[in-house]
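>>> no sequence on hand, only this structure:
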Ligand SMILES: *Cc1c(COP(=O)(O)O)cnc(C)c1O
C-alpha cells in the first residue's frame, strides 16, 4: 500500500512506534499471555504503564513535585465543566478569552456554574487572530485560555502575565514546542491531537491550586478524587493510556526543543508556499499563524473540489477544512514528517501550473 500522508485534525497521526507497540500488545500485553484489552487495570503491569505515562509527562515538561498528573475520560470537552465545577467559587468570577469554537464552548459551560468575564474575543474577525493587550482582573478565580485554536488555525506564542491561576486547554499543541509549564496552574489536553488516541484526557494540576478547589463536587468530576486514586478511581481507558505512554516515549526521545524545530520547519514550508502560490491565501494574520493547524483557501472557490480530488489521488488525506469554516486545513502534528508537507507543497505547485500556466511566480 502507498503511504497515506495524514493531515487530519484529530484523531490524528501517531508515531509508528506507538502503533507497532499497540498491535503487539493487543495480542500479548507485557508477556501476560493476554490482550491489553482483556487485562485488569489493577494488574501491576498496567499500573506500571500509568505510572510511566505520568512520569514521562513530568519529565518532558520539566515539572517538579508541585504538580499532579492524571489521565481522565470525557475528552477535553468534559474539562470545560470540570474546571469551573472545581475552581469557580460561588460569588466570584472566572476570566476567559474567546479565541475560537473550543474557547467559546469553555465559556458556555463555565457560565452554567457562575459568573464569567470574557476579557477579549477575536470573534469580530472570524477568530483569525489572537487578542492581546487585555488586563486580567486580580480577583478572578482563574484565567482560562486555549493555546491553539484548532479549527481556525491561530496559536498563542506568548501567554499573558497572569496575577491569578493560569488554566490552559492545550489539546492541539501540547508537546509541540518548548513551554514554561511552571507558569500554569492547570493544563488539560484531549489525547487525540498530539499525544495518543481518543479516550484519554491529560490533566496537570499544581498542588497549591488544587487546595483551592470547591468542596462539593460530584465524585467523578472531582480532581482530588482522581488524583488520590492515581487515575484509577474507576476503570480507566486502558488502551488509550497505553498508546499515550508509547507516544510520550517517542516525544521524550526527540525532546521538546527539537520537536519545536521540526514543527516550525514544517509550518514555514507550507506557509511559504501559500504566500507564494497565486491560487491560495492564508486566512490567519501572519504573527498568530498556528504551526499545528494551517488554514487556507483557494481564491477561486470552484477550484476547491478539484484540488481536494488531486490531493486524494496523491494520497494526501484530511485536508478539508472544519465543517463550520470550510476551505482547507492541513494539520501538522508532531508525528507528521516534513516529507509529507513537501508532497503537499509540490501538489499545490502542480495545481497552480495546471490551472494558470504559472510556475514559481511570486505574488
Ligand atoms: C479537539 C479539541 C477539543 C475537544 O476535544 P474532545 O476530546 O473531543 O472533547 C477541545 N479543545 C481543543 C483546543 C481541541 O482541539
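That came in fine, so what should we check first? The structure presented is a predicted model; accordingly, all values stated were derived computationally and were not measured.

>>> hey, where'd the helices end up in the stretch 201-350 of the chain?
207-210, 223-228, 238-254, 256-276, 304-313, 338-356 (DSSP state H, counting those that start in this stretch).

>>> name the residues that touch the second one?
Pointing back at helix 223-228 there. 68, 70, 72, 82, 86, 203, 205, 210, 213, 217, 219, 233 (C-beta atoms under 8 Å, 6 or more residues apart in numbering). Every C-beta, even on glycine, is put in place using the N, C-alpha and C of the backbone.

>>> now list the buried members of the residues you listed.
68, 70, 72, 82, 86, 203, 205, 210, 217, 233 (16 or more other C-beta atoms under 10 Å).

>>> before we move on, back to that, nearest to the ligand among the contacts of helix 223-228?
residue 72 (10.5 Å; C-beta to the nearest ligand atom).

>>> quick check: closest non-adjacent residue to the closest one.
residue 201 (4.8 Å; C-beta to C-beta, 6 or more residues apart in numbering).

>>> out of the buried ones among the contacts of helix 223-228, which sit inside strands?
68, 70, 72, 203, 205 (DSSP state E).

>>> burial count for the residue in the stretch 201-350 of the chain that the ligand sits nearest to?
Residue nearest to the ligand within the stretch 201-350 of the chain (C-beta to the nearest ligand atom): residue 201, separated by 6.4 Å. Counted with other C-beta atoms under 10 Å, residues neighbouring residue 201 total 27.

>>> check it and give its pLDDT.
In this model, residue 201 is scored at 98, pLDDT.

>>> could you do the one 3 residues further on as well?
For residue 204, the model assigns a pLDDT of 98.

>>> check contacts around the residue nearest to it when sequence neighbours are not counted.
Ranked by C-beta to C-beta, 6+ apart and with sequence neighbours excluded, the top spatial neighbour of residue 204 is residue 187, at 4.4 Å. Taking C-beta under 8 Å, 6+ apart as the criterion, residue 187 is in contact with 167-168, 170, 174, 181, 202-204.

>>> nearest to residue 318 among those?
residue 174 (19.6 Å; C-beta to C-beta).

>>> that closest one contacts residue 196, correct?
No - counting by C-beta atoms under 8 Å, residue 174 sits too far from residue 196 to count as a contact (10.8 Å).

>>> would you list the helices of the stretch 201-350 of the chain in CSV and tack on distance to residue 101 and mean pLDDT?
Converted to CSV, the helices of the stretch 201-350 of the chain look like this (distance: least, C-beta to C-beta, whole Å; pLDDT from 0 to 100):
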stretch, distance to residue 101, mean pLDDT
helix 207-210, 26, 98
helix 223-228, 25, 98
helix 238-254, 23, 98
helix 256-276, 21, 98
helix 304-313, 21, 97
helix 338-356, 24, 97
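
>>> redo the ones you listed as JSON lines? Include distance to residue 117.
What follows is the helices of the stretch 201-350 of the chain, written out as JSON lines (distance: least, C-beta to C-beta, whole Å):
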{"stretch": "helix 207-210", "distance to residue 117": "19"}
{"stretch": "helix 223-228", "distance to residue 117": "23"}
{"stretch": "helix 238-254", "distance to residue 117": "34"}
{"stretch": "helix 256-276", "distance to residue 117": "32"}
{"stretch": "helix 304-313", "distance to residue 117": "39"}
{"stretch": "helix 338-356", "distance to residue 117": "40"}
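
>>> mean neighbour count, the ones you listed: which tops it?
helix 238-254 (a mean of 21; mean count of other C-beta atoms under 10 Å).

>>> could you check the angle that one makes with helix 256-276?
90 degrees (axes from the mean of the first three to the mean of the last three C-alpha atoms, to 10 degrees).
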